[in-house]
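Undergrad: Below are the sequence and a predicted model; questions follow.
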There are 2 protein chains.
Amino acid sequence: MNTTKPKQERSRLSKNKILESAIEIFAQKGPAGTRVDEIEAKAGVNKQRIYAYFGSKDNLYRQVLLKVYAQATENEKLLKLSEKNIPEMTKTIINSFFEFHQQNPLFWRLLAWENLNGGKSLSDDDWKTIESNYIEHLRELYKTGQEKGLFDKKILFSTYLISIFAITFFYYSNQLTISNLLSLDMEKTDFQSRFINEVQRLFVRATQ
Amino acid sequence: MNTTKPKQERSRLSKNKILESAIEIFAQKGPAGTRVDEIEAKAGVNKQRIYAYFGSKDNLYRQVLLKVYAQATENEKLLKLSEKNIPEMTKTIINSFFEFHQQNPLFWRLLAWENLNGGKSLSDDDWKTIESNYIEHLRELYKTGQEKGLFDKKILFSTYLISIFAITFFYYSNQLTISNLLSLDMEKTDFQSRFINEVQRLFVRATQ
DNA sequence: GGAAAAAACAACTAAATATTTGCATTTTAT
DNA sequence: ATAAAATGCAAATATTTAGTTGTTTTTTCC
């Protein structure tokens, strides 16, 4: 694999096209199901380029995860929240997560593949480079909220956050099976917005 | 593939050993990652038997899903709930789901693979054979609870149930990535029992 | 315009893997 | 005990697929 700095802008573009195509295909088919030839076709480059820039299919997958995780751990809107927003912060978080999944429909898939893979695709060092900008900020706000009596003191921040993660993630990740099981259409925006509202209501009442 | 009734009990046993082994390996590696040779080795039968009894790897996977889904949609404890149990039913459901995942650690994996696969492994007819015994029962109880003023009338049963499904499923399915992200050990029974308690508290307060 | 870099083309290698086949052996039901 | 059924054994086939290689063409930048 070529690790030296590229001398031409063009190579950066090709590398990027490969990575973008890889994100889509890995998300769709998973690491085991993905064919390098398919990435080649989608990226419109020669297979040789993939090996020149990424070395192996495994490393390409790793780069895909690093890129997508990095995107997911940024969140302008949540970072902007301040003490005065504590009363409505639960609603804001829930909205923000639903919105994120809507705008990044591949995210839950990549995360799901990775959990199934036992997380072996990323090293400990890789994980260290993935640091969430917003989580510690929310933790502080939650703590302040608890001190002010706005949040239930008996519910840990981690319980609170994991639960919201869970519901927003699951709504997309298990839509197919749940729709079948409960005979309803979770894709409908009607259903979805009602669901979001009720989840907000549920959490607001539960934690205050 | 041989579809006629077996003439000897032995064949039923072999078929079962294959299916049980297949459940574990498909859950672990997923449909694309599973090797027929590995099932052969684990079941301790000849590969020929797999093709004789199941025809193809794809159909074997289908049979795995049908069996596991059928197991999951039975729940004695929840079916036994009656009107007088409505006040504590939320706690019972949450406990029951956590317990199920603990006792069936492969379940979330098979479900996750299947959602990622777009559910294409099962036909509509297959889905018709999978009917949940307990869901309609819970729906009735929830409705009665709402009428009696024990549950929030503004929260749909589907929202309530999906949310509980979500949290219990996610706790296991995303344990790895969340533990890394929030720097905590979700496998510890201490953490887990505290989490369960707080989720119960959260839902009880939220819905009543 | 020309050298260096980037990329395409196209065929190839090597390994993995689903599926098949023919035959020998063991087990079971009657 | 014996024929039928079930299974084991072992090799073969055919396909898929990650990764490679040598050569030619195109693009970029000075």
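TA: Received it, and whenever you're ready, just let me know what you need. Numbers count the residues shown, from 1 in each chain, chains lettered A, B, ... in the order given.

Undergrad: give me phi/psi at residue A:77?
TA: According to degrees, to the nearest 10, the main-chain angles of residue A:77 amount to phi -60, psi -40.

Undergrad: who are the neighbours in contact with the nearest residue to it once chain neighbours are set aside?
TA: Nearest residue to residue A:77, sequence neighbours excluded (C-beta to C-beta, 6 or more residues apart in numbering or on different chains): residue A:96, at 5.4 Å. No exception for glycine: its C-beta is placed from N, CA and C like everyone else's. With contacts taken as C-beta atoms under 8 Å, 6 or more residues apart in numbering or on different chains, residue A:96 has the following neighbours: A:75, A:77, A:78.

Undergrad: and the helix or strand hosting the last one, which residues are buried?
TA: Translated: residue A:78. Assigning secondary structure by DSSP states H and E places residue A:78 in helix A:76-79. Burial within helix A:76-79, assessed by neighbour count using 16 or more other C-beta atoms under 10 Å in any protein chain shown, is assigned to residue A:78.

Undergrad: Per-residue pLDDT of residue A:129, please?
TA: Residue A:129 is assigned a pLDDT of 88 by the prediction.

Undergrad: how many neighbours does it have?
TA: Residues lying near residue A:129 (other C-beta atoms under 10 Å in any protein chain shown) number 11.

Undergrad: Now it. Nearest residue, chain neighbours left out?
TA: residue A:66 (7.1 Å).

Undergrad: Could you name the helices and strands sitting against the helix or strand harbouring the one you found?
TA: Secondary-structure element containing residue A:66, defined by DSSP H and E: helix A:57-72. Here helix A:57-72 is seen to pack against helix A:9-33, helix A:47-54, helix A:107-116, helix A:124-129 when contacts are counted using 3 or more C-beta pairs under 8 Å, 6 or more residues apart in numbering or on different chains; DSSP states H and E.

Undergrad: Surely residue A:182 is in contact with residue B:161?
TA: Yes - at 7.3 Å, residue A:182 and residue B:161 qualify as touching, with contact defined as C-beta atoms under 8 Å.

Undergrad: Mutual contacts of these two, please.
TA: Listed contacts common to residue A:182 and residue B:161 are residue B:135; contacts here mean C-beta under 8 Å, 6+ apart.

Undergrad: coming back round to it: mind giving me the packing neighbours of the helix holding residue A:78?
TA: Helices and strands touching helix A:76-79, as assessed by 3+ C-beta pairs under 8 Å, 6+ apart, comprise helix A:89-103, helix A:135-147.

Undergrad: now these in JSON lines, with distance to residue A:18 and mean pLDDT?
TA: Supplementary listing: the helices and strands packed on helix A:76-79 in JSON lines, determined by distance: least, C-beta to C-beta, whole Å; pLDDT from 0 to 100:
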{"stretch": "helix A:89-103", "distance to residue A:18": "23", "mean pLDDT": "97"}
{"stretch": "helix A:135-147", "distance to residue A:18": "31", "mean pLDDT": "96"}
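
Undergrad: mind giving me TSV with those and columns for distance to residue B:100?
TA: Shown next, in TSV, are these (distance: least, C-beta to C-beta, whole Å):
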stretch	distance to residue B:100
helix A:89-103	26
helix A:135-147	29
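
Undergrad: Nearest to DNA strand C, out of the ones you listed?
TA: Shortest separation from DNA strand C across those is recorded for helix A:89-103, at 28.8 Å, computed as C-beta to the nearest atom of the strand.

Undergrad: Give me every residue in chain A that's in contact range of DNA strand C.
TA: If contact is defined as C-beta under 7 Å from any atom of the strand, the residues of chain A in contact with DNA strand C are A:6-8, A:10-11, A:13-15, A:44-49.

Undergrad: circling back: and the helices and strands packed on helix A:57-72, which is most packed in?
TA: For the helices and strands packed on helix A:57-72, the stretch with the most neighbours on average is helix A:107-116, a mean of 22; neighbours defined as mean count of other C-beta atoms under 10 Å in any protein chain shown.

Undergrad: can I get the CA coordinates of the helix or strand bottoming out on mean pLDDT in chain A in PDB?
TA: When the helices and strands of chain A are compared on mean pLDDT, DSSP states H and E, helix A:124-129 comes out lowest with a mean of 88. Included here for helix A:124-129 are C-alpha records, laid out as PDB according to Å, rounded to 0.1, in the frame of the first residue of the first chain:
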ATOM      1  CA  ASP A 124      -8.200   0.200  21.100                       C
ATOM      2  CA  ASP A 125      -6.100   3.000  19.600                       C
ATOM      3  CA  ASP A 126      -8.700   3.500  16.900                       C
ATOM      4  CA  TRP A 127     -11.300   3.900  19.600                       C
ATOM      5  CA  LYS A 128      -9.200   6.500  21.400                       C
ATOM      6  CA  THR A 129      -9.400   8.700  18.300                       C
END
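
Undergrad: thinking again about what came up before, settle this for me: the residue nearest to residue A:129 is touching residue A:126, isn't it.
TA: Yes - here residue A:66 reaches residue A:126: they are 6.3 Å apart, a contact under C-beta under 8 Å.

Undergrad: Point out where chain A drops to low pLDDT.
TA: Counting by pLDDT under 70, chain A has low-confidence residues at A:1-5, A:7.

Undergrad: please redo it, this time with the cut-off set to 80
TA: Chain A contains residues with pLDDT under 80 at A:1-9, A:208.

Undergrad: Quick check: residues of it near DNA strand D?
TA: Along chain A, the residues adjacent to DNA strand D under the rule C-beta under 7 Å from any atom of the strand are A:8-10, A:34-37, A:47-48, A:51, A:56-58.

Undergrad: try it again with 6 Å
TA: A:8, A:9, A:10, A:35, A:36, A:37, A:47, A:48, A:51, A:56, A:57 (C-beta under 6 Å from any atom of the strand).

Undergrad: which one among those gets closest to chain B?
TA: Of all those, residue A:35 has the smallest distance to chain B: 10.5 Å, by C-beta to the nearest C-beta.

Undergrad: list the contacts for that closest one?
TA: The neighbours of residue A:35, taking C-beta under 8 Å, 6+ apart as the test, are A:25, A:29.

Undergrad: Can you tell me which of the contacts of residue A:96 is nearest DNA strand D?
TA: In terms of C-beta to the nearest atom of the strand, no member of the contacts of residue A:96 lies closer to DNA strand D than residue A:75, at 33.7 Å.

Undergrad: I'd say the closest one and residue A:133 touch.
TA: Yes - taking C-beta under 8 Å as the definition, residue A:75 is a contact partner of residue A:133 at 6.9 Å.

Undergrad: Right, I'll call it a day here.
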